[in-house]
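Peer 1: After the sequence you'll find the predicted model.
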Amino acid sequence: MHNVEIAWVFYEIADLLEIKEDNPFKPRAYRKAGRTIAKWDQPLSALKEDEIRAIPGVGAALAAKITELLKTGKCEYHQKLREEVPLGLLEVLAIPGLGAKTARTLYRKLGITTIDELEAAAKARKIRTLPGMGNKTEFAILHGIDMLRTGSGAAPVGVATAVGRNLAEFLAALPEVTQVSLAGSTRRMKEMIGDIDLVVASEKPVEVTGLFVKHPSVKEVSAHGENQVKAITWLGIQVDLLVVGPQEYWAALHHFTGSKEHNQRLQELAGERGLKIYEYGVFPEGQDESLPVNSEEDLYLALGLPYIPPELREDEGEIEAALEGTLPDLVSVEDIRGDLHLHSKWSDGVATIEEIVAAARQRGYEYIAITDHSKSLAIAGGLKEERLMEQHRYIDELNRGLEDFRVLRGIEVDILSDGRLDYGDELLSGMDVVIASIHSGFRQSREEMTKRMLSALKNPHVNILAHPTGRMLGRRDAYEVDLEKVFEAAAKYDKVLEINASPDRLDLNAENVRRAAKDYGLKIAVNTDAHHISKLEDMYFGIGTARRGWLEKKDVINTFTLEELGRIFGKRG
DNA sequence: GCCGTTTTCGGCCCGACTGTTTTCAGTCG
């Protein structure tokens, strides 16, 4: 049993306990342990009992449940809870703004046990009859259900990539397999992934597919042919595996990378040149032997085109640009010299500044900015003025001991509900980097929210606007804001907008990034907002979004040298 | 249910926001 599966059981136990109204600290204990287990380096199945017991947050009771899960694949306590609580309520909990207490009230007063029943009750205006709930709650529930339904079945790219890589690594290790790649929307770095596509080159497709369906991540096989498999993994994500001969690999990889629209345009182009493109190769009209295709470059070359990177293959102007020779030279992870939005132990991060520096240097970075939370965000350990000054003195001291690396003294300052910043100008003027962002008052009107952001952008000390729309993928919509006005103001006051690289956010998204950079000439910072050193790797997803937004190195400020960066930040205020 | 030089019970991230109230409960981060 995979660590994540154990964590999953614990999360569900936590939800069930909350609905049951047990000791409120119990679910917290299960969640905390679940989070730790999910991130644990070694598989728990490889650990001895006392090693499991030594995991922080795992006591005698949870250790016993882990052992039981590893041995039997089940946990009696979990099963018992599932019998006591209607399971549909777990789905109901996924509706934003609706927690365990409300779920319980809905169950006890209206007998609601599923999302469908909840929707019917909301439409029949029964929700507003309950104590503490009114028409707005009812509307929010309907809106939330709508959001869940449109996103259902799809996984954020972060999850899909992790699952896909895991399977790809397994396949790559098989002696029968010569090549393997993620394809489809995961390779194109779309933000939500419907199914994971894997393309494999092998002379022995039957053996490969036969092993694949036995992989522990595979929960259910919906189709199993000689050279392809459709399966559902333990996270409920569909995976499509295609095995082709080594000669057909590149054409197949290209075909299953898509998008469909991009491929259709290529087929039209091929037709004009007397060629046909299939997933098996590029064929001159009337012949059944493919032109030699030993890379995706070869395939584009056959059509008289330069190579088009996967992130651009959406038929959104890339074919025209390729024909004109004006394709962008996309920014890449290797171009990145530093991360400008990071949290340390001083607020709600888990690493010391020294640990972050070490991890950043390992990635080849030349600088980072430590940008902990400001005082209003008390729950995240936001820094009071004196603490912030203390941190900056600490960083100064640290910098004195560092060669070829620089820690910038920064802050992620909250934009308060009325548009003021959480610190005064005097304090902000002493920072190397000021990131402004919104963590409260998400439901203000479009006018208020826009005004609030413009007021922050006007502040001469602000350098970067972080996660500008506040959306959380599949969980929370962007807040109401007039982005055009934000872009205009950012251009006017010379501010940088962020691509928050956390795969839960990816904010700005690719479409907005492309508009901001191309229509408004704005510079972008791709930042991970990491609270843990392992999350520095999220840069990959941020750069994916930047590439989907057609950004080049010159558009992204954290590809610049420290000196260039200083000029960008220094010319303000 | 976990944790502890506050050792075996009593804490456990805590304040803002929202919608419903008319002083507060529930949710979120």
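Peer 2: On my side now, so go ahead. Predicted, not measured: the structure shown is a model, and the values here were computed from it.
Peer 1: Just give the closest residue to the residue of the stretch 251-400 of chain A found nearest DNA strand B, not the sequence neighbours.
Peer 2: The minimum distance from the stretch 251-400 of chain A to DNA strand B, using Cβ to the nearest atom of the strand, falls at residue A:379 (3.0 Å). (Each C-beta comes from the backbone N, C-alpha and C, glycine too.) In space, and not counting its chain neighbours, residue A:379 is closest to residue A:348: 7.9 Å by Cβ to Cβ, 6 or more residues apart in numbering.
Peer 1: Verify the contact between the one you found and residue A:373 for me.
Peer 2: Yes - assessed by Cβ atoms under 8 Å, residue A:348 is found in contact with residue A:373 at 6.4 Å.
Peer 1: quick one: which of these two has more around it?
Peer 2: residue A:373 (24 against 15; other Cβ atoms under 10 Å).
Peer 1: re earlier: give the contact list for the residue nearest to residue A:379.
Peer 2: Contact analysis of residue A:348 by Cβ atoms under 8 Å, 6 or more residues apart in numbering lists A:372, A:373, A:379, A:380, A:381, A:531.
Peer 1: hmm, back to that, between residue A:348 and residue A:373, which contacts overlap?
Peer 2: Common neighbours of residue A:348 and residue A:373 (Cβ under 8 Å, 6+ apart) are A:380, A:381.
Peer 1: if I look at residue A:37, how far off is DNA strand B?
Peer 2: To DNA strand B, residue A:37 is 12 Å away according to Cβ to the nearest atom of the strand, to the nearest Å.
Peer 1: Then residue A:136?
Peer 2: In terms of Cβ to the nearest atom of the strand, residue A:136 sits 3 Å off from DNA strand B.
Peer 1: And the pLDDT at that residue?
Peer 2: Confidence at residue A:136, expressed as pLDDT, is 86.
Peer 1: elements contacting the host helix or strand of it?
Peer 2: Using DSSP states H and E, residue A:136 falls within helix A:135-151. On a contact count with 3 or more Cβ pairs under 8 Å, 6 or more residues apart in numbering; DSSP states H and E, helix A:135-151 meets helix A:115-123.
Peer 1: Give me the mean pLDDT for the helix it packs on.
Peer 2: 91.
Peer 1: Report the inter-axis angle for it versus helix A:135-151.
Peer 2: Going by axes from the mean of the first three to the mean of the last three Cα atoms, to 10 degrees, helix A:115-123 is angled at 140 degrees with respect to helix A:135-151.
Peer 1: what does helix A:115-123 contact?
Peer 2: A:88, A:91-92, A:95, A:106, A:110-112, A:127, A:138, A:141-142, A:145, A:148.
Peer 1: Kindly report the residues of the stretch 351-500 of chain A close to DNA strand B.
Peer 2: A:376, A:378-381, A:416-417, A:439-444, A:472, A:475-476 (Cβ under 7 Å from any atom of the strand).
Peer 1: and those residues, which are buried?
Peer 2: Listed as buried from these are A:376, A:380, A:381, A:416, A:439, A:444, A:472, A:476; burial here means 16 or more other Cβ atoms under 10 Å.
Peer 1: Closest to residue A:352 out of the residues you listed?
Peer 2: Nearest to residue A:352 among those, counting by Cβ to Cβ, is residue A:381 at 14.1 Å.
Peer 1: Now the closest one. Nearest residue, chain neighbours left out?
Peer 2: Excluding its sequence neighbours, the residue lying closest to residue A:381 (Cβ to Cβ, 6+ apart) is residue A:347, at 4.3 Å.
Peer 1: what about the one you found, how many neighbours?
Peer 2: Using other Cβ under 10 Å, residue A:347 is surrounded by 23 other residues.
Peer 1: Make a markdown table from the contacts of residue A:348 and add pLDDT to it.
Peer 2: Conversion of these to a markdown table gives the following (pLDDT from 0 to 100):
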| residue | pLDDT |
| --- | --- |
| A:372 | 94 |
| A:373 | 93 |
| A:379 | 76 |
| A:380 | 82 |
| A:381 | 83 |
| A:531 | 89 |
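Peer 1: domain assignment for chain A?
Peer 2: Here the domain assignment for chain A is A:3-151, A:155-244, A:251-324, A:333-570, based on automatic domain parsing.
Peer 1: quick one: terminal-to-terminal distance for the last one?
Peer 2: The one in question is domain A:333-570. One end of domain A:333-570 to the other measures 25 Å (Cα to Cα, to the nearest Å).
Peer 1: how distant is that domain from the center of its chain?
Peer 2: With Cα atoms, centre = their mean, to the nearest Å as the basis, domain A:333-570 stands 16 Å off its chain's centre.
Peer 1: Next, residue A:238: phi, psi?
Peer 2: Torsion angles at residue A:238 (phi, psi; degrees, to the nearest 10) stand at phi -80, psi 140.
Peer 1: show me what contacts it?
Peer 2: Counting by Cβ under 8 Å, 6+ apart, residue A:238 has contacts A:153, A:194, A:195, A:196, A:222, A:230, A:231, A:232.
Peer 1: Kindly tell me how buried residue A:247 is, as a neighbour count.
Peer 2: 15.
Peer 1: pLDDT at it, what is it?
Peer 2: pLDDT, read off for residue A:247, is 88.
Peer 1: Can you give me the separation between it and residue A:229?
Peer 2: Taking Cβ to Cβ, to the nearest Å as the measure, residue A:247 falls 21 Å from residue A:229.
Peer 1: One more: residue A:270?
Peer 2: Residue A:270 is 29 Å from residue A:229, by Cβ to Cβ.
Peer 1: How about the backbone phi and psi for residue A:283?
Peer 2: According to degrees, to the nearest 10, residue A:283 has phi -120, psi 130.
Peer 1: Which pair of the buried ones among the residues of the stretch 351-500 of chain A next to DNA strand B spans the longest distance?
Peer 2: A:381 and A:444 (25.1 Å).
Peer 1: ok, and what's touching the helix holding residue A:136?
Peer 2: Under the contact criterion Cβ under 8 Å, 6+ apart, helix A:135-151 has outside partners A:91, A:94-98, A:115, A:118-119, A:122-123, A:125, A:127-128, A:192, A:474, A:477.
Peer 1: Of those residues, which belong to strands?
Peer 2: Counted as lying in strands by DSSP state E, out of the contacts of helix A:135-151, are residue A:192.
Peer 1: Show me how to select, in PyMOL, the buried members of the contacts of helix A:135-151.
Peer 2: Buried residues among the contacts of helix A:135-151 (16+ other Cβ under 10 Å), as a PyMOL selection:
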select buried, chain A and resi 91+94+95+98+115+118+119+122+127+192+474
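Peer 1: Which parts of the stretch 451-573 of chain A are strands?
Peer 2: Under the criterion DSSP state E, counting those that start in this stretch, the stretch 451-573 of chain A carries strands at the ranges A:464-465, A:496-500, A:524-527.
Peer 1: now these in a markdown table, with mean pLDDT?
Peer 2: Formatted as a markdown table, the strands of the stretch 451-573 of chain A follow (pLDDT from 0 to 100):
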| stretch | mean pLDDT |
| --- | --- |
| strand A:464-465 | 96 |
| strand A:496-500 | 96 |
| strand A:524-527 | 98 |
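Peer 1: Now look at stretch A:15-30 and say if it contacts DNA strand B.
Peer 2: Yes - contact between stretch A:15-30 and DNA strand B, assessed by Cβ under 7 Å from any atom of the strand, occurs at A:23, A:25, A:26, A:28, A:29, A:30.
Peer 1: Please list the residues outside that stretch that contact it.
Peer 2: Contacts of stretch A:15-30 (Cβ under 8 Å, 6+ apart): A:10-11, A:13-14, A:57, A:62, A:78, A:81-82, A:84-85, A:89-90, A:93, A:99-100, A:103-104, A:107.
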